[in-house]
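Asker: Please work out how this folds:
(one chain, ligands or ions: 2)
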Amino acid sequence: MPKKTIRDVDVQGKRVFCRVDFNVPMNGQEITDDTRIRAAIPTIQYLVQQGAKVILASHLGRPKGKVVEELRLTPVSTHLSQLLNQEVKQATEVVGDKVTDQVNGLKPGEILLLENVRFEPGEEKNSPELAKQIAALADMFVNDAFGAAHRAHASTEGIGHYIPGVAGFLMEKELAFLGDALAKPERPFTAIIGGAKVKDKIGVIESLLEKVDNLIIGGGLANTFIKAQGYDVGASLLEEDKVELAASFIEKAKQRGVNFCIPTDVVVADKFANDAETKVVSVKDIPAGWQALDIGPETVKADQQVIANSKTVVWNGPMGVFEMETFMKGTEAIAQAMVKVQGTTIIGGGDSVAAVEKAGVAEKMSHISTGGGASLEFMEGKQLPGVTILQDK
Ligand SMILES: Nc1ncnc2c1ncn2[C@@H]1O[C@H](COP(=O)(O)OP(=O)(O)O)[C@@H](O)[C@H]1O
Ligand SMILES: O=C(OP(=O)(O)O)[C@H](O)COP(=O)(O)O
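Answerer: Numbers count the residues shown, from 1 in each chain. Ligands and ions are numbered 1, 2, ... in the order given. Okay, the predicted model is just below:
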C-alpha cells in the first residue's frame with residue numbers, strides 16, 4: 001500500500017517533527033561523508049518553503065541511552081546550516097521544558113535540530129512515554145530516515161501512534177527505486193555483504209540465499225564464516241555465538257546451488273592501525289594475535305569475476321577497514337568492479353557509501369541508498385516499521 005507523502009498534507013504553520021538519518025561517518029568531530037545530510041535537503045527545503053515549523057531529529061552512533069559528549073549533533077547542525085544557507089537552531093536535549101520552549105518560539109520556515117535521540121533511554125526501547133513526549137512537540141510526523149526505517153524506535157515508529165505520519169521525499173525515492181529494482185532483479189543477481197554489524201546482518205543472509213545467485217561475504221562479517229569452516233581467526237572481529245549459524249548457511253547455500261563466496265585469503269595486521277605490520281595469508285593460516293582487516297588479492301580476483309558476470313549487484317558493508325589507507329584495497333577493487341557491471345548496481349549503508357565516495361565511483365552506480373540494514377531488510381521482503389506506521393494513501 002503506497003504511503004502518503006508530504007505532498008499530500010498541508011504543513012503551513014504546523015509544527016512538523018521530521019525524523020532524518022544524520023548518522024554520518026565521523027572522524028572525531030569531523031564529518032567524513034555528508035551524503036545522508038545532503039539526501040535529506042529536498043524534504044527540509046520543501047517544509048521550510050511551505051511554512052512549516054521544522055523540528056529535525058536524528059540519532060548519531062550508538063550511545064545506548066546516555067549522553068555521550070562526542071556524539072552530540074553540533075557538527076551536523078553547523079554543516080546543515082551551511083548546506084541550507086539558513087540558521088539551524090539547536091536543542092541540547094531531545095525532550096523537556098527547554099525543548100518545548102524552543103519549539104514554541106519557532107516561526108514558520110524556521111528549523112530546530114533536537115539533540116541525538118539515542119541519548120534518551122526510551123528511544124531504542126520504543127518507550128510509549130518517550131514517543132508521547134516527542135509527539136507532543138508536533139502536529140505531524142514526517143519520516144525521511146530511510147536508513148533507520150528498519151528500527152522500531154520511539155522517533156521512527158512510536159511517535160506515529162500519537163500524531164499522523166507521512167513519508168518525506170528521500171523515503172519515497174528509496175522505496176520506489178529499491179522496490180522497482182528488486183521486484184524482479186535481472187540475473188545473475190549478486191549480493192555483497194561486509195562491514196562490522198555482524199549481529200544485525202547475519203540473519204539477512206538466510207533470506208538472501210533464497211533470492212540471489214551469488215553471495216559474496218567480506219569485511220568483519222567474513223571472519224565468522226571463516227571460523228565456521230573450521231579455521232582460527234586470531235584476534236579478528238568475530239561473533240562467536242553466530243559461528244554455528246554461519247555453518248548452517250554455508251550448508252544451505254550448497255543445497256540451493258547458490259555460489260557462496262567466502263574469502264580465501266585476507267590481509268592480517270598485528271594491530272588495528274594504519275601503520276601496522278601486515279601480511280597476506282590464506283584464511284587457513286591467520287596467525288594467533290593478528291587480525292584480518294581486509295580481503296586478500298586472490299579473493300578480490302575471484303569476487304571481481306563474479307561481479308563482472310552479474311546483471312544486478314547489491315552491496316552493503318565495506319570489504320575491509322577502508323577508513324585506513326592500508327586496508328582500503330579490497331573495498332576499492334570491489335568498487336571498481338561494480339563500475340564495470342552491465343546492469344543495475346546498488347550500494348547502501350552509511351560507511352559503504354562513504355567508501356565508494358572515497359573510491360571516486362559513487363556517481364557511476366545506478367543507485368546510492370542511504371540505508372544499509374534498511375535496504376537489506378527491504379530486499380528480504382520484511383515490513384519496515386518506520387514505513388508501516390505511516391498513513392496509507
Ligand atoms: N575486517 C574488518 N574488521 C573490523 N571492522 C571492519 C572490517 N571490515 C570492515 N570493517 C568496518 O565495518 C564498518 C562498516 O560496517 P557497517 O556499519 O556494517 O556498514 P554500513 O555503514 O555500510 O552499513 C567500517 O567502519 C569498517 O571499518
Ligand atoms: O547507519 C545506519 O545503518 P547502516 O549501517 O545499516 O547503514 C542507520 O543509521 C541505522 O543505525 P543503527 O544500525 O545503529 O540502528
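Asker: all strands in the stretch 151-300 of the chain, in order from the N-terminus.
Answerer: 165-167, 189-193, 214-217, 259-261, 265-269, 278-282, 291-295 (DSSP state E, counting those that start in this stretch).
Asker: who touches the fourth one?
Answerer: Contacts of strand 259-261 with the rest of the structure, by CB atoms under 8 Å, 6 or more residues apart in numbering, involve 209, 213-217, 249-250, 253-254, 299, 302-303, 306. In short, each C-beta sits where N, CA and C put it, glycine included.
Asker: OK, contacts around residue 374?
Answerer: Contacts of residue 374 by CB under 8 Å, 6+ apart are 146-150, 174, 348, 384.
Asker: now these in a markdown table, with distance to ligand 2 and pLDDT?
Answerer: Shown next, in a markdown table, are those (distance: CB to the nearest ligand atom, whole Å; pLDDT from 0 to 100):
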| residue | distance to ligand 2 | pLDDT |
| --- | --- | --- |
| 146 | 9 | 98 |
| 147 | 4 | 98 |
| 148 | 5 | 98 |
| 149 | 9 | 98 |
| 150 | 8 | 97 |
| 174 | 12 | 97 |
| 348 | 7 | 95 |
| 384 | 12 | 97 |
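Asker: What count of nearby residues applies to residue 12?
Answerer: 9 (other CB atoms under 10 Å).
Asker: And residue 293, by the same measure?
Answerer: Applying other CB under 10 Å, we find 25 residues neighbouring residue 293.
Asker: Please spell out which residues along the worst-scoring helix or strand of the chain on mean pLDDT are buried.
Answerer: Ranked by mean pLDDT, DSSP states H and E, the weakest helix or strand in the chain is helix 198-208, scoring a mean of 90. In terms of neighbour count (16 or more other CB atoms under 10 Å), helix 198-208 has its buried residues at 198, 200-202, 204-205, 208.
Asker: between these, which is nearest ligand 2?
Answerer: Closest approach between those and ligand 2, by CB to the nearest ligand atom: residue 200, at 6.0 Å.
Asker: Give the full set of residues in contact with the closest one.
Answerer: residue 373.
Asker: Quick check: it vs ligand 1, distance?
Answerer: 7 Å (CB to the nearest ligand atom, to the nearest Å).
Asker: ok so, going back, what about the least confident helix or strand of the chain, distance to the chain center?
Answerer: On the basis of CA atoms, centre = their mean, to the nearest Å, helix 198-208 is displaced by 14 Å from the centre of the chain it belongs to.
Asker: swap in stretch 211-224?
Answerer: Taking CA atoms, centre = their mean, the mean C-alpha location of stretch 211-224 is offset from the chain mean by 17 Å.
Asker: Do it and ligand 1 come into contact?
Answerer: Yes. Residues of stretch 211-224 contacting ligand 1 under CB under 6 Å from any ligand atom: 219-220.
Asker: just stretch 31-51 next, same as before
Answerer: No. Stretch 31-51 stays clear of ligand 1 (CB under 6 Å from any ligand atom), getting no nearer than 10.0 Å.
Asker: residues making contact with that stretch?
Answerer: Stretch 31-51 is contacted from outside by 6, 11-13, 16, 18, 20-26, 54, 56, 75-76, 79-80, 83-84, 86, 108-109, 111, 142, 144, 147, 168-170, 323, 350, 353-354, 357-358, 362, 368, 370, using CB under 8 Å, 6+ apart.
Asker: from those, which are also near ligand 1?
Answerer: Restricting the contacts of stretch 31-51 to those near ligand 1 - CB under 6 Å from any ligand atom - leaves 323, 350.
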